[in-house]
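1. Have a look at this prediction, sequence included:
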Amino acid sequence: MVLPPRRRPAFDSGEFVSALGEGGARAERAGRALFQCYRPLLRARFFNVGVAAQDVDDLVADVLTTIVGKAGQVRDHDRFDAWVYSVTSNVLNQHWTAKGRARDLLQPAPGASANEGDLLEEAASLLDNVSDPSVSDPITALCLQGQLEAFRSKYPHRHACIELVVLGYDAQEIARHLDRSYGATRQFISQCCAVVMQFVAPCLEAAQLLGRGRGRAAAE
């Protein structure tokens, strides 16, 4: 389910490595911080290179497990992201080998034009609609929950992208994490926003009709 906009999870790689060395409750908290920060990024990255939906979460777990086990080897915490994606490349390479597929690691998607609408305006419209106060109506809330789950089930790769938008990542950051060009990423996010709005629009339209109906009833 796509959630309303919220602050992206904070992650301090130096604190993470130090906490793992200490163990106990501090290490558990560090592990949760790692999961919350990197899981949506890794899911989007794996979907972007064509990993099947049923395999994505297993590969994410493999990457995060490897990070926890080998984080003590990282000496330059400023390059923690780069090291994470090096681990990701290795896990992906092993996956393709197991599947018997020859493929370039983390191959960027073909370039595309970025002149297809204003991405930021579309994303803002999407998030404003999904988090509109009118959805507090229980019927509308249930409708949205069902439609967003249907969107996640039918288009998991697009859902993973929308999750990054909801978390507050901008197009340039998402492009870097997906290993796509900026232009291709803008177009992809725009397409994802358009698709999810197709799913939630009937719920929002019904909520507006319900609100107008209540207004007329109150006036009478």
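-> Structure's in. What do you need? Numbering: from 1, shown residues only.

2. Only C-alpha atoms from now on, for both contacts and neighbour counts.
-> Noted.

3. Can you list the low-confidence ranges for this protein?
-> For the chain, the stretches flagged by pLDDT under 70 are 1-9, 101-137, 206-220.

4. Outline the domain layout of it.
-> Using automatic domain parsing, the domain parsing of the chain gives 13-99, 119-219.

5. how about these in JSON lines, adding mean neighbour count?
-> Formatted as JSON lines, those follow (neighbours: other CA atoms under 10 Å):
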{"stretch": "domain 13-99", "mean neighbour count": "16"}
{"stretch": "domain 119-219", "mean neighbour count": "17"}
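
6. Can you show me the CA trace of the helix or strand that contains residue 175 as CSV?
-> Using DSSP states H and E, residue 175 maps to helix 171-178. In CSV, the C-alpha atoms belonging to helix 171-178 read as follows (Å, rounded to 0.1, in the frame of the first residue of the first chain):
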residue,chain,number,x,y,z
ALA,A,171,14.1,12.4,-9.6
GLN,A,172,17.9,12.9,-9.6
GLU,A,173,18.2,10.7,-6.5
ILE,A,174,15.9,8.0,-7.9
ALA,A,175,17.9,8.0,-11.1
ARG,A,176,21.1,7.4,-9.2
HIS,A,177,19.6,4.6,-7.1
LEU,A,178,18.0,3.0,-10.2
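
7. That helix packs against which elements?
-> helix 24-48, helix 182-219 (3 or more CA pairs under 8 Å, 6 or more residues apart in numbering; DSSP states H and E).

8. Report the angle between the first one and helix 171-178.
-> Taking axes from the mean of the first three to the mean of the last three CA atoms, to 10 degrees, one finds that helix 24-48 is oriented at 90 degrees with respect to helix 171-178.

9. on contacts alone, who are the packing partners of helix 24-48?
-> With contacts taken as 3+ CA pairs under 8 Å, 6+ apart, helix 24-48 sits against helix 13-22, helix 53-70, helix 156-166, helix 171-178.

10. To residue 201, which of those helices lies closest?
-> Nearest to residue 201 among the helices and strands packed on helix 24-48 is helix 156-166 (15.9 Å), distances taken as CA to CA.

11. Output the closest one in PDB, but only the C-alpha positions, please.
-> Extracted in PDB, the C-alpha atoms of helix 156-166 (Å, rounded to 0.1, in the frame of the first residue of the first chain):
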ATOM      1  CA  PRO A 156       5.100  -4.100  -8.400                       C
ATOM      2  CA  HIS A 157       7.900  -2.300 -10.300                       C
ATOM      3  CA  ARG A 158       5.900   0.900 -10.600                       C
ATOM      4  CA  HIS A 159       4.800   0.600  -6.900                       C
ATOM      5  CA  ALA A 160       8.400   0.300  -5.900                       C
ATOM      6  CA  CYS A 161       9.100   3.600  -7.800                       C
ATOM      7  CA  ILE A 162       6.100   5.400  -6.300                       C
ATOM      8  CA  GLU A 163       7.300   4.300  -2.800                       C
ATOM      9  CA  LEU A 164      10.500   6.300  -3.400                       C
ATOM     10  CA  VAL A 165       8.500   9.300  -4.500                       C
ATOM     11  CA  VAL A 166       6.300   9.100  -1.400                       C
END
